[in-house]
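Chemist: Could you work out the structure for the sequence below:
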Amino acid sequence: MAQYGGYGGGYGGYGRGYGSRSMNQLPSTPKKPLTPDQIAEEQTKWLDKKVKLTEDQSISIETLNLDHALKLSDYQEAFMKIHANSRPSPQEIQQIRETVDKWQTEKDEKFKGILTPEQWEIYEKKKKGMPYTQTAKN
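Modeler: Down below sits the predicted model:
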């Protein structure tokens, strides 16, 4: 006689019977937010992997990424103090998006001056996948 659900004695499939291992896992602890230094390093590594930065480019790009991450961190901290007990209005959210987009555009313009035309073209195509950026969410 065939069992429903495959291999697990009919209790939800292979290895998933009542009291399976997955129920014994400890709850995952929330990840700590990355520091601006860590964000800058991750973004620079990502870009280096995509376009093969020179050492000078890598230093310049990481400096820009760090400046940008610090600016965003300060902005977020100030915003959280203002809205510790309240939700932002739709207008405030729109203003935040516009500010962050403006800063991202400024950073991109500086990148354009550092990268070669070939590197810039690759960056433009792939930047939506860059970690910890506003463009990654668009």
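
Chemist: helices or strands next to the longest helix along the chain in the packing?
Modeler: Longest helix of the chain, by residue count under DSSP state H: helix 55-82. Applying 3 or more CB pairs under 8 Å, 6 or more residues apart in numbering; DSSP states H and E, one finds that helix 55-82 makes contact with helix 36-51, helix 90-114. (Glycine included, C-beta is placed from N, CA and C.)

Chemist: Would you tell me which one of the ones you listed is buried the most?
Modeler: Highest mean neighbour count among the helices and strands packed on helix 55-82 (mean count of other CB atoms under 10 Å): helix 36-51, with a mean of 17.

Chemist: any idea how far T63 is from D56?
Modeler: Separation of D56 from T63 (CB to CB, to the nearest Å): 11 Å.

Chemist: out of the two, which sits in the busier spot?
Modeler: Shown here are D56 and T63; by other CB atoms under 10 Å, T63 has more neighbours (14 against 9).

Chemist: gap between that one and K31?
Modeler: Here the criterion is CB to CB. By it, T63 lies 26 Å from K31.

Chemist: need the contact list for P88.
Modeler: F79, I96 (CB atoms under 8 Å, 6 or more residues apart in numbering).

Chemist: Can you read off the backbone torsions of it?
Modeler: Dihedral angles of P88 (phi, psi; degrees, to the nearest 10) stand at phi -70, psi 150.

Chemist: now P30
Modeler: Backbone torsions of P30, given as degrees, to the nearest 10, read phi -60, psi 140.
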